[in-house]
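Asker: need the 3D shape of this:
(one chain, ligands or ions: 1)
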Amino acid sequence: MIVLTEIKDVREHLRAERFAAAKEGRELQIGFVPTMGYLHEGHASLLRSARMDNDLVVLSIFVNPIQFGPNEDFDRYPRDSDKDMALAKREGVDIVFLPSVDEMYPQPTKTRILVSELTDHLCGATRPGHFDGVTTVVGKLLHIVAPHRAYFGQKDAQQVAVVTQMVIDLNMDVEIVPCPIVREEDGLALSSRNVYLTPEERQAALVLSRSLRQAEQMAREREGATVAHILQELVRTIESEPAASLDYAEIRSFPSLASLPGSMRAKEAEGKLLIAIAVKFGTTRLIDNVILTMEGEK
Ligand code: AMP
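Answerer: Residues are numbered from 1 along each chain as shown. Purely as a prediction, here's the structure:
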């Protein structure tokens, strides 16, 4: 495994690898996993998928300042380079790209990638500018690495929808591969931010997965359950946890993120339904979701 901090070194190294493969008459398949580090088993699952599908795996670790709002946790975002390197090695990563902020954003920068509409709702509404930061950095990283496939967790379902749209709209030659959410045994979705939680908040945070499981069950099993009805129950469950402060709870179609009429029965929905929540525990904001494939029963 090699660790590179400069864009030109990543490009040079990948060029040499591609050239060597081409000389043997094969096209080198590159898999890419962009992260902000403080790696856990959720990240590991992305790396494993990338390892299975590709000849070479590139992992980037970069806490991207432009996707954080002024009052968010950029400065205190957890970092542990030694642990990250050990996990990357264990998962068979070939190249770790670990750029500095100056390397990614030599001043002054004047260009942003901005995906409209899909970024208006959910986390886009409560974190203004967040997705412009995400698409800008992911666009830059995809240009630098030029992978065949890039792996993203369904944990950030809106991010998957937004990045997929960007790749389509900008004719980027890469396949976006969504990967399922990895959870702790008790249901809490793994997140680098879980480390912020006090033991009491950690316990309270189980309301995320619990309320989503209930909502899923209602949508699948309760004949007349409407979108509004499921949402009402979801909010009620979250609000029954005193340590939880609701940011949003929404049901939308996926990946269009189109809103659904409250009067629609969940069972009538056709295609994928996204049930997404964001909840604060103290100063820690956590997100979780479930995506259901519905049959459009009349
Ligand atoms: P982050 O380092 O939090 O920016 O996450 C990097 C990638 O890992 C993103 O595509 C996330 O969606 C994904 N990821 C984070 N947590 C999980 C999880 N619990 N399960 C699956 N993927 C995850």
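Asker: where do the helices sit along the stretch 101-250 of the chain?
Answerer: 101-104, 122-126, 130-145, 157-169, 199-204, 206-221, 227-239 (DSSP state H, counting those that start in this stretch).
Asker: let me know which of those helices is the nearest to L59.
Answerer: helix 130-145 (10.0 Å; C-beta to C-beta). C-betas here are computed from N, CA, C, even on glycine.
Asker: what about whichever residue of the stretch 51-200 of the chain sits closest to the ligand, neighbour count?
Answerer: Across the stretch 51-200 of the chain, the shortest distance to the ligand (C-beta to the nearest ligand atom) belongs to G153, at 2.2 Å. Each residue near G153 was counted by other C-beta atoms under 10 Å, and the total is 22.
Asker: distance of it from T35?
Answerer: Separation of G153 from T35 (C-beta to C-beta, to the nearest Å): 9 Å.
Asker: hey, what's in contact with both of the two?
Answerer: Counting by C-beta atoms under 8 Å, 6 or more residues apart in numbering, the common neighbours of G153 and T35 are 43, 46.
Asker: what residue in the stretch 1-150 of the chain comes nearest to the ligand?
Answerer: Closest point on the stretch 1-150 of the chain to the ligand, by C-beta to the nearest ligand atom, is G42, at 2.5 Å.
Asker: show the pLDDT at E223.
Answerer: Note on E223: pLDDT of 86.
Asker: actually, Q107.
Answerer: pLDDT, Q107: 86.
Asker: distance of the residue lying closest to M294 once chain neighbours are set aside from E295?
Answerer: In this structure, M294 finds its nearest non-sequential neighbour in A269, 4.2 Å apart by C-beta to C-beta, 6 or more residues apart in numbering. A269 sits 9 Å away from E295, going by C-beta to C-beta.
Asker: so which of those two has more stuff around it?
Answerer: A269 (20 against 10).
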